[in-house]
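Asker: Pasting the sequence and the predicted model now:
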Amino acid sequence: MLADVAGVGAGRLGRQAFLLIVPDPDPSVPDPGTQISFHHARLKDDAEMFGFTQVAAQLAYLRLTGYRLTPERHGLRSRISVVNPATGGVAVEIPDKHAGMFGGMNAPRLLAGVRSLPPAGPPPDLQNSELLYQVLLSLALQDADVGGAEAADLADRALELSRQNKELAPPAALEAAKQQPG
């Protein structure tokens, strides 16, 4: 039921367990489709699959309480980041085994990680210019192609664009700032 309501589910194909995540709507992406994240290549029994179902249910609960689930695509699979709306930061990452980021994670460890998260805080007040600048700067610094000084410049330009258009979301403002000659 949580898969229908919150867009998160667990599945099994043969001996492989995986999580299914329906991404949050994003107007800048035409149709991202459902993201698949494989986590365990060799299930021993159904009890192990139950652990992945519990992880999916906890992720669905977190999404319903305010956390965002953001898949990062790697070929046909995705790494899933659980983002706290209060900070905009990644609270926990659910790695994709096939992308080399698995690190010995199993369903009980994943479940313990997502259960340990605090309640989602309220989203930041983007009317506060200093806070908006910090959000824009952190978004700019996440880009591997952007250095520190360039990130600060992009954040400044994006802040100005946000002041001109109050409906512009921070990621869209940053993208528009990248398109401007700087």
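Answerer: That came through fine.

Asker: From here on, just use CA atoms for contacts and neighbour counts.
Answerer: Noted.

Asker: Please enumerate the strands of this structure.
Answerer: Remark: strands assigned in the chain by DSSP state E are 8-13, 16-21, 35-40, 68-74, 77-83, 90-94.

Asker: Make a markdown table from these and add distance to Glu48 and mean pLDDT to it.
Answerer: What follows is the strands of the chain, written out as a markdown table (distance: least, CA to CA, whole Å; pLDDT from 0 to 100):
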| stretch | distance to Glu48 | mean pLDDT |
| --- | --- | --- |
| strand 8-13 | 11 | 84 |
| strand 16-21 | 9 | 81 |
| strand 35-40 | 10 | 60 |
| strand 68-74 | 23 | 77 |
| strand 77-83 | 20 | 77 |
| strand 90-94 | 17 | 77 |
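
Asker: So which of those is the most surrounded?
Answerer: strand 35-40 (a mean of 24; mean count of other CA atoms under 10 Å).

Asker: Identify the residues contacting stretch 58-74?
Answerer: With contacts defined as CA atoms under 8 Å, 6 or more residues apart in numbering, stretch 58-74 is touched by 2-3, 6-9, 21, 23-24, 35, 78-85, 99, 111, 114-115, 119-122.

Asker: do the same with stretch 122-134
Answerer: For stretch 122-134, contacts defined as CA under 8 Å, 6+ apart pick out Gly66, Pro85, Ala86, Thr87, Gly88, Ala155, Asp156, Leu159, Pro170.

Asker: If you drop the residues flanking it in sequence, what lies closest to the second one?
Answerer: Put plainly, it is Pro85. Closest residue to Pro85 apart from its sequence neighbours, by CA to CA, 6 or more residues apart in numbering: Pro123 at 4.7 Å.

Asker: Could you tell me how many residues sit around the residue lying closest to Val55 once chain neighbours are set aside?
Answerer: Spatially, and ignoring its direct neighbours in sequence, Val55 is nearest to Leu111 (5.1 Å; CA to CA, 6+ apart). Neighbours of Leu111 under the rule other CA atoms under 10 Å: 20.

Asker: how much space between Leu111 and Glu93?
Answerer: Remark: distance between Leu111 and Glu93 (CA to CA, to the nearest Å) = 12 Å.

Asker: For the spatially most central residue of the chain, give the beta-bridge partners.
Answerer: Among the residues of the chain, the one closest to the centroid is Thr70, at 2.3 Å (CA atoms, centre = their mean). Legend: beta-bridge partners of Thr70 under DSSP bridges are Ser81.
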